[in-house]
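Chemist: Turn this into a structure:
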Amino acid sequence: MEYQLPYITGVQLNYYFICQRKLWLFSHNITMEHTSELVEMGNIIHETSYARKRKEIEFDGIKIDFYDKTNGIINEVKKSKSIEEAHKWQIKYYIYFFKNLGIDVIGQIDYPLLRRREKVELTEEDNRSIAEAIIEINKIKNRDKPPAVINKPFCKKCSYYDLCYI
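Modeler: Take a look at the predicted model:
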């Protein structure tokens, strides 16, 4: 399958599967992460976990926590499994991105606080889903106004909560 342009970031794909309003706000440079204690805790975990292994790479909107080039493994470090499905799609997008560059990799999500690691693979169906998601993400980004509030239980922990509900 041919790679879809324009590029999107892994965070945008993650937000697409969590909340399309959050995706729109983030894509319009409205960021609230700097006000969130939970995000700060996640950043601390990211900075302190796997410090010796970390070889962070960033290009074309892709920012991978660490890449084990010897074994061809891309890793994402996550604080908790609370939004696990979105985490999986984010790393599937990274695999998709690499694959379209002609680089075969496998994905892994590390949950240091839980002392768990989860392998993530990309299927042909996932390829189609990501290609469709890229089209939808670009439609959402190009809207004049953000999508409606979704009012889910996890909204209370979101860094955008005050913007959506106050």
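
Chemist: Strands along the chain, start to end?
Modeler: 57-59, 62-64, 66-68, 73-77, 106-111, 116-120 (DSSP state E).

Chemist: With distance to Leu23 as extra columns, can I get the ones you listed in TSV?
Modeler: In this view, the C-beta of every residue, glycine as well, is placed from N, C-alpha and C. Output for the strands of the chain, formatted as TSV (distance: least, Cβ to Cβ, whole Å):
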stretch	distance to Leu23
strand 57-59	20
strand 62-64	17
strand 66-68	25
strand 73-77	18
strand 106-111	20
strand 116-120	21
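
Chemist: Relative to Lys88, which of these is closest?
Modeler: Each of the strands of the chain has some distance to Lys88 by Cβ to Cβ; the shortest is strand 116-120, at 5.4 Å.

Chemist: The closest one - contacts with which helices or strands?
Modeler: Contact partners of strand 116-120 among helices and strands, from 3 or more Cβ pairs under 8 Å, 6 or more residues apart in numbering; DSSP states H and E: helix 84-100, strand 106-111.

Chemist: between those, which one is nearest to Ile30?
Modeler: That would be helix 84-100 among the helices and strands packed on strand 116-120, by Cβ to Cβ, at 19.2 Å.
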